[in-house]
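S.K.: Provide a 3D model corresponding to the input given below.
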Amino acid sequence: MKPVFMITTLFLSSLACGEIMYELIDLGDLSGGNSCARAINNLGQVVGYNEVEGNRHAFYWDSTDGMIDLGTFEGYASAAWDINDERTVVGHYTSPNGSSYYDHPFIWTEPDGMTGIQYPYPYTDLGYRKGQALGINNQGQIVGYGGQGGDTYPFIYENGQYTALDHFTYMQSGAYAINEEGRIAGFSRIDVEHLNHTSSEFSGILWDINGDMTIMRPFLAGSTNLAESFAYDINNQGRVVGTNLSLRTNYDLRTFIWDETNGLIELDAFEDYFSSAVAINESDQVVGYYGQIYDQYYLPEIAFIWDEINGAVDLNTLIDPLTGWTLVSAYDINDYGQIVGMGIFNGQERAYLLNPTPEPSSFLLLGMGAFVLTRRRKKHI
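M.R.: Have a look, this model is predicted:
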């Protein structure tokens, strides 16, 4: 890991200099529709979704072949949420069921294409089921949720078998990300009995390798009520990022980072806006988005990167202003500092890739030849 860490450290120390720190790459589109990049692995391969004739289609992108439509399997729409370094993609496809529709988890590999996977729970009396695969690590372990109606259940899937993760009484839980040790970040709605107060609320959850749960929740300042939180990503050091109701201003979403030593700490990110951290890499670089609340809706407006040296920085200040882009959200960052997300260009939502300057290609082989990279994978937010 040292070659990557040294280069990343040098890069971090220059973020505050006001220079152009990233080369922006437009990932293109399948048919002219809106697109969004959701995940990138350590080989610079990207997945996400693009609108095709009004419906989302999962895509895979690399610098050689460009954007490739992964199809919709047995449905009419799909989205890819994660990719590991073995080029295995996970996500969901959508199929109709009478007047309604349901999401179903999929795995995509180059030899087999897109295939559906079974559901994670043995409740055969619940009828038609739904689910999404949201994260995958380099061991091929997959996490996500399955459910029926408004109920959802977190799961881990490996070697063709599902294991339902422990959760609280309320059936509204999900797993977003899994690292190389098998530790999982997600959320669960916690019932009154476990909270010891009058209402059930959501909390970020860390599932350890033995299945034990850690609740990641702060108290609201001056209140006996607990603030809600959601955990979206975890790196191999066990640091978790996500969003919670602010300790300082009730009902404002704020970015947090959590570890076993320090607990949940709000990041100093854009005081007058809501913010959400979506991904963290092995150098503890965090990416996400911030924005304003419109009629009780949290709408991403500006992509950011955070690190301990520079704090939170608007990614739009780190690209060439002549590109004409507005970077709205950052959804993933790999261990070489490459970032993917969604931006606006010529009035259209577009998937982008940011390459640190100098490009990672100039030092990629240096790192890959020195160690076997262990990379946690993620989530869908």
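S.K.: could you use CA atoms for every contact and neighbour count after this?
M.R.: Fine.
S.K.: neighbours around the spatially closest residue to Ile83 that is not a sequence neighbour, how many?
M.R.: Excluding its sequence neighbours, the residue lying closest to Ile83 (C-alpha to C-alpha, 6 or more residues apart in numbering) is Val89, at 4.4 Å. Val89: 32 surrounding residues under other C-alpha atoms under 10 Å.
S.K.: the one 5 residues further on now?
M.R.: The number of residues packed around Thr94, counting by other C-alpha under 10 Å, is 24.
S.K.: which strand residues bridge it?
M.R.: Under DSSP bridges, the beta-bridge partners of Thr94 are Ala77, Asp103.
S.K.: surely it and Gly75 touch.
M.R.: Yes. In terms of C-alpha atoms under 8 Å, Thr94 counts as a neighbour of Gly75; the distance is 5.1 Å.
S.K.: measure Asp65 to Asn41 for me?
M.R.: From Asp65 across to Asn41, the span is 16 Å (C-alpha to C-alpha, to the nearest Å).
S.K.: tell me the secondary structure for Ser203?
M.R.: Secondary structure for Ser203, judged by DSSP: H, G, I helix; E, B strand; the rest coil, is strand.
S.K.: quick one, phi psi at the closest residue to it other than its chain neighbours?
M.R.: Ranked by C-alpha to C-alpha, 6+ apart and with sequence neighbours excluded, the top spatial neighbour of Ser203 is Ser229, at 4.6 Å. Dihedral pair for Ser229: phi -150, psi 160, per degrees, to the nearest 10.
S.K.: which secondary structure element of this structure has the lowest mean pLDDT?
M.R.: helix 364-368 (a mean of 42; mean pLDDT, DSSP states H and E).
S.K.: what is the neighbour count of Ile309?
M.R.: Ile309: 12 neighbours (other C-alpha under 10 Å).
S.K.: need the contact list for the residue nearest to Ser203.
M.R.: Residues near Ser229 by C-alpha atoms under 8 Å, 6 or more residues apart in numbering: 187, 202-204, 216-217, 242-245.
S.K.: next one: it from Ser188, what distance?
M.R.: 9 Å.
S.K.: make JSON lines from the contacts of Ser229 and add pLDDT and distance to Gln348 to it.
M.R.: Formatted as JSON lines, those follow (pLDDT from 0 to 100; distance: C-alpha to C-alpha, whole Å):
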{"residue": "Phe187", "pLDDT": "90", "distance to Gln348": "32"}
{"residue": "Phe202", "pLDDT": "80", "distance to Gln348": "34"}
{"residue": "Ser203", "pLDDT": "83", "distance to Gln348": "34"}
{"residue": "Gly204", "pLDDT": "89", "distance to Gln348": "33"}
{"residue": "Met216", "pLDDT": "83", "distance to Gln348": "37"}
{"residue": "Arg217", "pLDDT": "71", "distance to Gln348": "37"}
{"residue": "Gly242", "pLDDT": "94", "distance to Gln348": "27"}
{"residue": "Thr243", "pLDDT": "89", "distance to Gln348": "27"}
{"residue": "Asn244", "pLDDT": "83", "distance to Gln348": "30"}
{"residue": "Leu245", "pLDDT": "72", "distance to Gln348": "31"}
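S.K.: pretty sure Ala231 contacts Arg239?
M.R.: No. Using C-alpha under 8 Å as the test, Ala231 is too far from Arg239 to be in contact (10.4 Å).
S.K.: looking at these two, which is more packed in?
M.R.: Using other C-alpha under 10 Å as the criterion, Ala231 and Arg239 rank with Ala231 on top: 33 against 20.
S.K.: beta partners for that one?
M.R.: Going by DSSP bridges, Ala231 forms beta bridges with Gly242.
S.K.: contacting residues around it?
M.R.: Counting by C-alpha under 8 Å, 6+ apart, the residues that Ala231 touches are 176, 185-187, 203-206, 240-243.
S.K.: now those residues: which count as buried?
M.R.: Buried subset of these (neighbour count, 16 or more other C-alpha atoms under 10 Å): 176, 185-187, 203-206, 240-243.
S.K.: so where's the stretch 101-250 of the chain shaky on pLDDT?
M.R.: Residue ranges of the stretch 101-250 of the chain with pLDDT under 70: 119-129, 149, 168-171, 191-200, 218-227, 246-250.
S.K.: appreciated, that's everything.
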